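*Asks:* Predicted structure and sequence below. I'll ask about it afterward.
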Amino acid sequence: QAQLVESGGGLVQAGGSLRLSCAASGRTSSMYAMGWFRQAPEKEREFVAGLSWKGGRTYYTESVKGRFTISRDNAKNTVYLQMSSLKPEDTAVYYCAAGTTAYSSEYGPYDYWGQGTQVIVSS
């Protein structure tokens, strides 16, 4: 199994930046992809960004393109989400996810999840 631990959430003003981190442990040799999802209050969880672990290909949902950047540090088994030009509508709990199936890519599927880290963007 893979264990994922997120960090870096917090409160930021609109227009500001935050960097989320997700450290993976356990079954990291079987990771094919890692990604970030978010869930705002009373809304369904939505995909934010994904990254293929070996090839480094990335994919973003339209609403964060040009503002968010997903990256990785293979040596540390860590994935990052650099968030800039934050908007109040980015407020959500952000979840890290890992894809360990043979079909997993930056698009998914993801089968392991972290506990989440809260991001609040004030206007």
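*Replies:* Arrived safely, thanks for sending.
*Asks:* can we go C-alpha only for contacts and neighbour counts from here?
*Replies:* Will do.
*Asks:* Give me the residue at the spatial middle of the chain.
*Replies:* When the chain is reduced to its mean C-alpha position, the nearest residue by C-alpha atoms, centre = their mean turns out to be W36, at 2.2 Å.
*Asks:* residue contacts, the residue nearest to that one when sequence neighbours are not counted?
*Replies:* Nearest residue to W36 in three dimensions, chain neighbours excluded: C96, at 4.7 Å (C-alpha to C-alpha, 6 or more residues apart in numbering). The contact partners of C96, by C-alpha atoms under 8 Å, 6 or more residues apart in numbering, come to 4-6, 22, 34-37, 113-116.
*Asks:* If we use 10 Å, what do you get?
*Replies:* If a contact means C-alpha atoms under 10 Å, 6 or more residues apart in numbering, then C96 has 4-7, 20-24, 34-38, 48-50, 79-81, 110, 112-117 as its contacts.
*Asks:* Next one: it relative to Q13, how far apart?
*Replies:* Noted for C96: a distance of 23 Å to Q13, by C-alpha to C-alpha, to the nearest Å.
*Asks:* Which elements pack onto the helix or strand hosting S21?
*Replies:* Taking DSSP states H and E as the definition, S21 sits inside strand 18-26. Applying 3 or more C-alpha pairs under 10 Å, 6 or more residues apart in numbering; DSSP states H and E, one finds that strand 18-26 contacts strand 2-7, strand 10-13, strand 33-39, strand 68-73, strand 78-83, strand 92-99, strand 117-122.
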